[in-house]
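In: Below is the sequence, then the predicted model.
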Number of protein chains: 2
Amino acid sequence: MSILVVGSVAYDTVETPVGRAERVLGGSASFFSVAASFFGPVNLVGVVGHDFGDPQLAAFRGRPIDLEGLERMDGKTFHWQGRYSLDLNSRDTICTDLNVFEFFKPKIPARYRGSAFVFLGNIDPKLQLDILSQVREPKIVALDTMNFWIEKSPQLLREVIRNVDIVVINEAEIRELTGEFNLVKAARKLMRMGPGRVVIKRGEYGVLHLSDGEVFAAPAYPLETIFDPTGAGDSFAGGFMGYLASRDGAALTEMDYRLATIYGSAIASFTVEAFSTERLQGLSREEIDSRLAAFRTLTEFRV
Amino acid sequence: MSILVVGSVAYDTVETPVGRAERVLGGSASFFSVAASFFGPVNLVGVVGHDFGDPQLAAFRGRPIDLEGLERMDGKTFHWQGRYSLDLNSRDTICTDLNVFEFFKPKIPARYRGSAFVFLGNIDPKLQLDILSQVREPKIVALDTMNFWIEKSPQLLREVIRNVDIVVINEAEIRELTGEFNLVKAARKLMRMGPGRVVIKRGEYGVLHLSDGEVFAAPAYPLETIFDPTGAGDSFAGGFMGYLASRDGAALTEMDYRLATIYGSAIASFTVEAFSTERLQGLSREEIDSRLAAFRTLTEFRV
């Protein structure tokens, strides 16, 4: 079943302790789409400027990523520049040039409106709500957000949250959103707002996946070298939703959601091995499945 | 097979967001001993003052904990007072009165010298070395340490590390000790100093257990209320070593070490449910095994 993703498509300039990349492909919808495309068709809605050309589009080509919804607007493409700390656990934003992204009004092409899975990337909750009004009875809607929207548009954000099935959010954000330090309490509070599932991203510590009565803890893959953490969260979401969509209409079980969490973690572990979506470009399904096996080895114990 | 533990026995005064406990039983050897005693006999070596009486000893009584090595010295018992932050992730030490602990010179009773498993709690590396010279060919020696010794006695600490099998250490400490941010690299560097295994404690994120060619990630149990994190690390070590010792001379396999890691994590998850060793006092082996099953549910996924 196909997935609709709405989010940013951007140029990233990134400095990490191991190198620097200048104006490479970035943005939540980019990482999400490439990650999800390993599992099935993706419909991408985003906006780029006139400076976004064929070399950048190459990352999406040859994959089941539909680009009809990638609007080209007069102006420059969103550009983010950031620098990571030595331990990669924090980053400073050096500049954020929203450019055409400031005027982004997602228009969902008619062909996309029946997408069974919808991922609302981290954008203005007003736009997220508007997207929900344009789609027809999706099977699963998931949402990402960030501290900026939690602080700036708390009411609108709550309205979107009420209407989604899954919230994918990082640790600091769920604490800020719910006012609860304890993650189990925070997740329960968030689920009382509407969603049946909460996926808490904890960076190098992995993911905590909660639903009514169930908790699943997935570690991050312990890599010896992390090249660039940018896009790990969106790649996780892409792998997660991609796997769910690939179950093709089967009633999704708790085990499906758990396996989706591991697939998401596996894809994210590849993303951070290089800048941008570079590592994902040449990635094979065999490599993904072999990392899945490595996740099993990483977590397995027997009584 | 029996375990020898050498470490502190103390009074703790602890403030957490949910309450306060005044002069309750604390210290690394206390938490370790009670935790390990669920699995088999423990020989405790430590020191207390004249103010440490029967009510405090009650925590050890009725358990297979030998107290011949608990020296009573003229003076007051070690007292630590601390206050945890709202999110429990950091704590301020309000006072540390070493008292008799300042003059601690571990004397290993003759009966203890053949202990098959030895745990060197977080004390001066000079004393840790001295203990190793008093024991006879233990099967497994594990060591804990802290930033204070890493900074104050780096050479002596390296000498102890060269002579142990397992280092149990927290995330910040292994980074400081090895100068490596990446935990996989840090662990490999530490293993090149001597030990075959490194167990990295990551607090609410669980444990990363590394040996040559193997990595095992165990989550912490996601509790809704953490009453007091004090002693979690030492309880973990007690459960971990306790389970290994209970294998009774069998050649220890990777799976034994993994299961030991989960037993340690399970015991630690009970410790933090109350102040001091309170929660461990009434704990049954059935409760421990049922939490072990909960750890399986927490981490299980199927392809």
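Out: Right, received. Where do you want to start? Numbers count the residues shown, from 1 in each chain, chains lettered A, B, ... in the order given.
In: for the stretch 101-250 of chain A, what spans make up the strands?
Out: A:117-120, A:140-144, A:166-170, A:197-201, A:207-211, A:214-218 (DSSP state E, counting those that start in this stretch).
In: Mind jotting down where the helices sit in the stretch 51-200 of chain A?
Out: A:54-57, A:125-134, A:147-152, A:154-162, A:171-178, A:183-192 (DSSP state H, counting those that start in this stretch).
In: And those: which comes nearest residue B:291?
Out: Residue B:291 lies closest, by C-beta to C-beta, to one member of the helices of the stretch 51-200 of chain A: helix A:183-192, at 15.1 Å. From N, CA and C alone the C-beta is placed, and that goes for glycine too.
In: can you tell me which residue is nearest the centre of chain A?
Out: What sits nearest the mean C-alpha location of chain A, by C-alpha atoms, centre = their mean, is residue A:234, with 2.4 Å.
In: And the closest residue to that residue other than its chain neighbours, which helix or strand is it part of?
Out: Leaving aside its chain neighbours, residue A:234 sits nearest to residue A:31 (3.7 Å; criterion: C-beta to C-beta, 6 or more residues apart in numbering or on different chains). When elements are defined using DSSP states H and E, residue A:31 is found to belong to helix A:28-36.
In: List the strands paired with the helix or strand just after that helix, with their directions.
Out: Sequence order places strand A:42-48 as the next helix or strand after helix A:28-36, per DSSP H and E. Here strand A:42-48 has these sheet partners by DSSP bridges: strand A:3-6 (parallel), strand A:65-66 (parallel), strand A:70-72 (parallel).
In: Dump the strands of the stretch 101-250 of chain A into CSV; add mean neighbour count as well.
Out: Below are the strands of the stretch 101-250 of chain A laid out as CSV (neighbours: other C-beta atoms under 10 Å in any protein chain shown):
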stretch, mean neighbour count
strand A:117-120, 27
strand A:140-144, 23
strand A:166-170, 25
strand A:197-201, 24
strand A:207-211, 22
strand A:214-218, 21
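In: Residue ranges in chain A under the pLDDT threshold?
Out: Low-confidence segments of chain A (pLDDT under 70): none present.
In: does chain B sit close to the lengthiest helix in it?
Out: In chain A, taking DSSP state H as the definition, the longest helix is helix A:254-271. Yes - residues of helix A:254-271 contacting chain B under C-beta under 8 Å from any C-beta of the partner chain: A:255, A:258-259, A:261-262.
In: Of these, which count as buried by neighbour count?
Out: Using 16 or more other C-beta atoms under 10 Å in any protein chain shown as the burial test, those include A:258-259, A:261-262 as buried.
In: nearest to chain B, of the residues you listed?
Out: Distance to chain B across these (C-beta to the nearest C-beta) is lowest for residue A:258, with 4.1 Å.
In: who touches the closest one in this structure?
Out: A:209, A:216, A:218, B:300-302 (C-beta atoms under 8 Å, 6 or more residues apart in numbering or on different chains).
In: Look up how far residue A:2 lies from the nearest residue to residue A:1 once chain neighbours are set aside.
Out: Leaving aside its chain neighbours, residue A:1 sits nearest to residue A:116 (3.9 Å; criterion: C-beta to C-beta, 6+ apart). Here the criterion is C-beta to C-beta, to the nearest Å. By it, residue A:116 lies 7 Å from residue A:2.
In: just residue A:292 next, same as before
Out: Residue A:292 is 23 Å from residue A:2, by C-beta to C-beta.
In: just to revisit the earlier point, relative to chain B, which of the strands of the stretch 101-250 of chain A is closest?
Out: Shortest distance between chain B and the strands of the stretch 101-250 of chain A, using C-beta to the nearest C-beta, is found for strand A:214-218: 3.6 Å.
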